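> One predicted model, sequence on top.
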Amino acid sequence: DAGVIQSPRHEVTEMGQEVTLRCKPISGHNSLFWYRQTMMRGLELLIYFNNNVPIDDSGMPEDRFSAKMPNASFSTLKIQPSEPRDSAVYFCASSLVGGVNTEAFFGQGTRLTVV
Amino acid sequence: GQSLEQPSEVTAVEGAIVQINCTYQTSGFYGLSWYQQHDGGAPTFLSYNALDGLEETGRFSSFLSRSDSYGYLLLQELQMKDSASYFCAVRAGGFKTIFGAGTRLFVKA
């Protein structure tokens, strides 16, 4: 398996524009997580899905952020409109929840810069 | 609230042993994980402890004491390539995983 695949790897956009980040989890995994990483706030869990259903979105900063998982092999995180404070690295991770080991596999991240 | 505390930085010399501590306070607890992240890279899984005690995986070991809400990661025979950030993470209720702020490890020659 190629691992968790995120696109794009880098995104530079102007304030006010819509940004869509994409993620393809590892085949067979039943849980998907979106994290945001900044120097100030570390790794923050934004939202996670189990069997394509959003379970907890309490980490989503505000209504400008939305996430979808239309099927088991694809998820998106959308920011509309984007603001400079959204600049961060966004990671998607997937895991097979239900067993003892809950290892999460991370994608390489999308570095977002909002100018 | 939910919090994980770990030192911000640790420095050690090549070949030495270093211990990175983590204390946590969360509303639910299923287990404690450790992840490594090199600059510009993604976090990668190192270990998971669900029960009290020591888990050993090569040069790395992880310990958990549920009664003390405490765990640590032990790195032995340090190598330069071990210079990275190390995160403890709690698997809390609902399969939610919460990360600590990370400990930056510097390994000197």
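Received, thanks.
> what packs against the worst-scoring helix or strand of chain B on mean pLDDT?
Lowest on mean pLDDT, DSSP states H and E among the helices and strands of chain B sits strand B:97-99, with a mean of 88. Packed against strand B:97-99 by the contact rule (3 or more C-beta pairs under 8 Å, 6 or more residues apart in numbering or on different chains; DSSP states H and E) you find strand A:42-50, strand B:84-91. (C-beta placed from N, C-alpha, C; glycine too.)
> State the pLDDT value of residue A:103.
Per-residue pLDDT puts residue A:103 at 85.
> Then it would be within a strand, right?
No. Using DSSP: H, G, I helix; E, B strand; the rest coil, the secondary structure at residue A:103 is coil, not a strand.
> what's the neighbour count on residue A:27?
Neighbour count for residue A:27, taken as other C-beta atoms under 10 Å in any protein chain shown: 10.
> what's the answer for residue A:67, then?
The number of residues packed near residue A:67 is 20, by other C-beta under 10 Å.
> rewinding a little: for the helices and strands packed on strand B:97-99, which one sits closest to residue A:31?
Distance to residue A:31, taken as C-beta to C-beta, is lowest for strand A:42-50 among the helices and strands packed on strand B:97-99, at 5.0 Å.
> Nearest residue to residue A:16 in space, please, no chain neighbours.
Spatial nearest neighbour of residue A:16, excluding adjacent residues (C-beta to C-beta, 6 or more residues apart in numbering or on different chains): residue A:81 at 4.5 Å.
> In three-state terms, label that neighbour for me.
coil.
> Hmm, it is touching residue A:62, no?
No. Taking contacts as C-beta atoms under 8 Å, residue A:81 lies outside contact range of residue A:62: 11.1 Å.
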